[in-house]
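Student: Test case, fold it:
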Amino acid sequence: MTNSDRKDPIISLTNLDLTLGANASKVNILNGIDLTVSEGETVSIVGPSGSGKTSLILVIAGLEHASGGTIEVAGQFLGNLSEDDLAIFRRELVGIVFQSFHLVPTMTALENIAVPLEFAGLGNAFERAQQELAAVGLEKRAAHYPGELSGGEQQRIALARALAPRPKLLLADEPTGNLDGETGRQIIDLMFERAAERDATLLLITHDEALAARCSRIVQLRDGVITSDSTPARRVTE
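Tutor: Predicted coordinates:
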């Protein structure tokens, strides 16, 4: 990629620290993280349990407050935003897919997608939600509740909900962790496809080396420090 081909950064972290607890119970979670991610990139975050992967995602989403350093996401410095501003930031710019789906059990599949759109003040919420359901192949399951759906179907709905507001950034934390191998592969294929269609930057936490290698970059975390930031070998030879 030439300098003229490079896109603007959507994530820029400088000397980022995260410390939780107080006094003797203080734990350093992230230590001096420097990371830049350009628009449209797909980046996997890998590392052992407890290395700070989920904490890094939470800080980028504005769900956890950094202890030091600067965080700029989609042109906004998160340290300068109030809680209300952070809520608007997430609503308008960030989609999140968790391992445990986090669907509202008393809402149908359609409502789980449409209601957040309504809260965001977006027009035609239910029509848009129906379109998102169709995009993940579940238009015939619109009236079903999460408890009536398989794990793979629930994660498809969670993905549809995350992408419905057309976010610039999609964060996924072990999205296949509660799924069997084949279902997980289908979800990942769909996630990459839908993110590309929406021109959304994808930041993906995974323990799966093959899945990490599908991304344009692999960032390795260990003990709250980035130990490597590389291009998967298969992409070098493409």
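Student: what residue lies at the spatial centre of this structure?
Tutor: Residue closest to the mean C-alpha point of the chain, counted by Cα atoms, centre = their mean, is Leu171 at 0.6 Å.
Student: Give me the contacts around the strand or helix carrying that one.
Tutor: Following DSSP states H and E, one finds Leu171 within strand 169-173. Contact with strand 169-173 is made by 10-11, 53-54, 57, 60-61, 73-74, 93-99, 162-163, 191, 195, 198, 200-205, as judged by Cβ atoms under 8 Å, 6 or more residues apart in numbering. Using the backbone N, CA and C atoms, a C-beta is placed for each residue, glycine as well.
Student: Equivalent analysis for stretch 106-118, please.
Tutor: With Cβ under 8 Å, 6+ apart as the test, stretch 106-118 has contacts from 91, 103-104, 125-126, 128-130, 132-133, 138, 141-146, 149, 153, 157, 160-161, 164-165.
Student: State which helix of the chain is the longest.
Tutor: Longest helix in the chain, counting residues (DSSP state H): helix 181-197.
Student: tell me what the next helix or strand after that helix is packed against?
Tutor: Next helix or strand after helix 181-197 toward the C-terminus (DSSP H and E): strand 201-205. Judged by 3 or more Cβ pairs under 8 Å, 6 or more residues apart in numbering; DSSP states H and E, the packing partners of strand 201-205 are strand 9-20, strand 27-38, strand 42-46, helix 53-60, strand 169-173, helix 181-197.
Student: mean pLDDT lowest for which of the ones you listed?
Tutor: Lowest mean pLDDT within these: helix 181-197, at a mean of 90.
Student: helices or strands up against it?
Tutor: Contact here means 3+ Cβ pairs under 8 Å, 6+ apart; on that basis helix 181-197 packs against helix 151-163, strand 169-173, strand 201-205.
Student: one more time with 10 Å
Tutor: Judged by 3 or more Cβ pairs under 10 Å, 6 or more residues apart in numbering; DSSP states H and E, helix 181-197 is in contact with strand 42-46, strand 94-97, helix 125-135, helix 151-163, strand 169-173, strand 201-205, helix 209-212.
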